[in-house]
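A.B. asks: could you work out the structure for the sequence below:
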Amino acid sequence: MEIFIDESGSFVAQGAEKNSWCIVAAFACIQKSKYRKILAKLKCREGVSQLAEIKLNQIPENSYETFLIELYQAGGVLLSVATDSGLNDAKFVKEHQENQKTLLLDNIDEMEYETGKEGIRYL
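C.D. replies: This next block holds a predicted model:
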């Protein structure tokens, strides 16, 4: 299984204007080559170089929808989370960070690799 993760936006704790959207998306698939062909087809259809990263603002919405349907029909799974940084409350963000730190440290023994454990301790 392959998992591809990408993000967009400025993930800031405070000071962002409203409608400062931040998104993290993960795409999971079994056969990478099948999905790369679908991406190549999208780039060709929209006149984007095969070597370039394609951005959402480069393609019309209906083409993007077709691309997502083709990925789904091929058995891929796309998950995404979005947040508006303009709505972040500094106190809430700090509490969230502390909770995440606690969860990571509480589960550090479940990690398989020592280098990962060291990274969590360092963080």
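A.B. asks: does Cys22 lie in a helix or a strand, and which?
C.D. replies: strand 21-29 (DSSP states H and E).
A.B. asks: how far is that strand from where the chain is centred?
C.D. replies: Strand 21-29 has its C-alpha centroid displaced from the chain centroid by 3 Å (Cα atoms, centre = their mean, to the nearest Å).
A.B. asks: helix or strand next in line after it, which one?
C.D. replies: Under the assignment DSSP H and E, the closest C-terminal helix or strand after strand 21-29 is helix 32-46.
A.B. asks: so that next one versus strand 21-29, what angle?
C.D. replies: Compare the direction of helix 32-46 with that of strand 21-29 by axes from the mean of the first three to the mean of the last three Cα atoms, to 10 degrees and you get 130 degrees.
A.B. asks: which strands and helices sit next to the helix or strand following helix 32-46?
C.D. replies: Once helix 32-46 ends, the next helix or strand along the chain (criterion: DSSP H and E) is helix 61-73. In terms of contact count using 3 or more Cβ pairs under 8 Å, 6 or more residues apart in numbering; DSSP states H and E, helix 61-73 is assigned the packing partners helix 32-46, strand 77-84. Glycine gets a C-beta too; all of them are placed from N, C-alpha and C.
A.B. asks: distance-wise, check Arg121 relative to Ile108.
C.D. replies: Shown here: Arg121 relative to Ile108, a distance of 7 Å by Cβ to Cβ, to the nearest Å.
A.B. asks: same thing with Ala74?
C.D. replies: Using Cβ to Cβ, Ala74 is found at 37 Å from Ile108.
A.B. asks: for Ala28, same thing?
C.D. replies: Using Cβ to Cβ, Ala28 is found at 25 Å from Ile108.
A.B. asks: let me see the contact set for Gln50.
C.D. replies: Going by Cβ atoms under 8 Å, 6 or more residues apart in numbering, Gln50 touches 40, 43-44.
A.B. asks: closest one of those residues to Gln58?
C.D. replies: Of all the contacts of Gln50, the one with the least separation from Gln58 (Cβ to Cβ) is Lys43, at 9.3 Å.
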